[in-house]
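1. below: sequence and its predicted model.
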Amino acid sequence: MPGFKSIIDQKQPVLLLKTLFIKGSLPHALLFTGIDGVQKLSTAIALAMLCNCEKINSSQTIPFGLGKTGAKEVRLDIDSCGTCRSCRKIQSDNHPDIIQIKPSGNLIKIDQIRSLCNSLTLKPYEADTRVIIISNAQTMNPEASNALLKILEEPPDKTLLILIALQALDLLTTIISRCQQIRFNPIQASSIAKHLIQEKKMTQDKAGLYAALSGGSFSRALKINEKWLRQRDWILTAPGLNRSNRQALPSVLKCLAFAEKLTKSKALVPLSLEILQTWLRDLIIFPYIPDKINNIDLIDQIDQISRNTERATLLSKLDAVLEAAKNLQANTNLKLTLEIMALKLGGFSGTGIQEMEIN
Ligand SMILES: [Zn+2]
């Protein structure tokens with residue numbers, strides 16, 4: 001199912017984009033923000049298809065507010081056909097004027113933006129609207145950001161730039177100010193569960209659990225399986241993580257051993273940090289909004305730990321995980337970063353260092 005029809009639960013962004021399109025007032029640059037897995041890229045591609053679909057003609061765009069019926073409402077059903085030459089090329093990522101830029105390694109580098117600048121000096125090959133989609137725009141290094149800024153300052157004709165990022169704050173303010181920001185919310189658990197039941201033939205219980213664990217991220221929901229659950233259960237054995245602050249500190253050696261084991265499964269580190277964040281978030285919010293936790297299958301454990309642990313302790317542990325994730329993005333030493341995180345999760349902080357017991 002191509003186009004906007006495939007977008008689940010993003011009514012507001014979709015309505016806004018369709019409105020801008022129908023009114024002929026799409027800006028030169030859009031910035032899509034929201035957590036991973038909320039269909040920002042799929043929406044960008046749906047918009048590229050709509051802008052270039054051969055079956056959409058001007059009669060569908062001009063009559064906004066002036067149509068035969070005089071109705072001022074936006075035609076919500078407008079969408080690309082999904083079958084014309086242009087739609088098919090975009091769907092298969094073979095359209096010469098729909099350019100996707102992704103990080104090469106951890107970063108979007110200056111060379112990638114320079115080569116984009118060069119191609120933008122030419123006219124589009126065949127598209128009505130050339131669309132440039134920059135995924136993970138927050139990974140642009142300063143040189144790449146500045147080169148992109150030049151494009152945004154003098155946008156080429158018939159070209160729409162779509163930047164995709166987790167949050168606007170991660171980008172230069174000069175870039176943000178030249179884009180219209182469109183926020184994508186986490187997808188509702190019920191919508192994800194419905195999709196898993198219909199498309200993946202899951203039982204209602206399993207779909208409900210996986211949807212809750214996904215935290216509103218569609219792509220995360222699709223990655224959850226028995227192996228994922230086993231990895232979560234192992235991660236949650238991290239020293240200090242299930243401990244309330246009324247219990248004794250775990251030993252330093254235990255924390256370091258945990259970090260070492262995690263270092264060895266390098267490919268699982270990003271997922272592991274995500275699981276830790278979600279777990280600590282659950283513990284923090286449980287007393288206030290218990291129905292919003294993700295790990296719904298571990299509710300009794302969450303209740304008990306949350307009841308017996310200070311909020312400040314949980315927040316500082318969450319900080320430790322967020323800091324580790326940030327440092328790893330910046331390519332710092334994996335082992336050292338995970339050791340520091342494990343020690344902080346274990347309850348050893350800068351001020352509490354004298355409490356360390358080496359055994
Ligand atoms: Zn089409």
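-> Okay, I see it.
2. can we go C-alpha only for contacts and neighbour counts from here?
-> OK.
3. pLDDT below threshold where in the stretch 101-250 of the chain?
-> In the predicted model of the stretch 101-250 of the chain, residues 243-248 satisfy pLDDT under 70.
4. which parts of it sit against the ion?
-> Within the stretch 101-250 of the chain, no position lies close to the ion (C-alpha under 5 Å from the ion).
5. which residues in the stretch 101-250 of the chain form helices?
-> Remark: helices assigned in the stretch 101-250 of the chain by DSSP state H, counting those that start in this stretch are 110-120, 142-153, 173-176, 189-200, 204-213, 218-223, 226-235.
6. now do the third one: distance to the chain's middle.
-> Relative to the chain's own centre, helix 173-176 is displaced by 20 Å; criterion: C-alpha atoms, centre = their mean, to the nearest Å.
7. next: stretch 76-85.
-> Between the centre of stretch 76-85 and the centre of its host chain there is 26 Å, according to C-alpha atoms, centre = their mean.
8. nearest spatial neighbour of residue 194, skipping sequence neighbours?
-> In this structure, residue 194 finds its nearest non-sequential neighbour in residue 207, 7.6 Å apart by C-alpha to C-alpha, 6 or more residues apart in numbering.
9. what about that neighbour, distance to the ion?
-> 33 Å (C-alpha to the ion, to the nearest Å).
10. ok, residue 148 next?
-> Counting by C-alpha to the ion, the gap from residue 148 to the ion is 30 Å.
11. what number of residues lie near that residue?
-> Neighbours of residue 148 under the rule other C-alpha atoms under 10 Å: 18.
12. now swap in residue 322 and tell me
-> For residue 322, using other C-alpha under 10 Å, the count is 17.
13. so it: helix, strand or coil?
-> Using DSSP: H, G, I helix; E, B strand; the rest coil, the structure places residue 322 in helix.
14. looking at the helices of the stretch 101-250 of the chain, which is buried most?
-> Highest mean neighbour count of those: helix 204-213, a mean of 20 (counted as mean count of other C-alpha atoms under 10 Å).
15. so how far is that helix off the chain centroid?
-> Mean C-alpha position of helix 204-213 versus that of the full chain (C-alpha atoms, centre = their mean) differs by 20 Å.
16. could the helices of the stretch 101-250 of the chain go into CSV alongside distance to residue 310?
-> Converted to CSV, these look like this (distance: least, C-alpha to C-alpha, whole Å):
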stretch, distance to residue 310
helix 110-120, 46
helix 142-153, 40
helix 173-176, 36
helix 189-200, 29
helix 204-213, 24
helix 218-223, 30
helix 226-235, 21
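17. domain map for this structure?
-> 3-183, 225-355 (automatic domain parsing).
18. and the nearest residue to residue 215 once chain neighbours are set aside, its phi and psi?
-> Excluding the flanking residues, the one nearest residue 215 by C-alpha to C-alpha, 6+ apart is residue 294, at 5.9 Å. Main-chain dihedrals, residue 294, degrees, to the nearest 10: phi -90, psi -40.
19. let me see the contact set for residue 294.
-> Counting by C-alpha atoms under 8 Å, 6 or more residues apart in numbering, residue 294 makes contact with 212, 213, 214, 215, 278, 279, 282.
20. switch the cut-off to 7 Å
-> 212, 213, 215, 282 (C-alpha atoms under 7 Å, 6 or more residues apart in numbering).
21. now, which of those residues sits nearest the ion?
-> Of all these, the ion sits closest to residue 215, with 33.5 Å by C-alpha to the ion.
22. give me the distance between that closest one and residue 304.
-> 21 Å (C-alpha to C-alpha, to the nearest Å).
23. returning to what we had before: now the domains of the chain as JSON lines including distance to residue 201?
-> Output for the domains of the chain, formatted as JSON lines (distance: least, C-alpha to C-alpha, whole Å):
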{"stretch": "domain 3-183", "distance to residue 201": "18"}
{"stretch": "domain 225-355", "distance to residue 201": "14"}
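24. and residue 199, which of these is closest to it?
-> For residue 199, the closest of the domains of the chain is domain 3-183, at 12.4 Å, according to C-alpha to C-alpha.
25. assumed residue 99 was part of a strand.
-> Yes: according to three-state DSSP, the state of residue 99 is that of a strand.
26. need the contact list for it.
-> 131, 132, 133.
27. tell me the contacts of the first one?
-> Contacts here follow C-alpha under 7 Å, 6+ apart; on that basis residue 131 touches 48, 97, 98, 99, 159, 160, 161.
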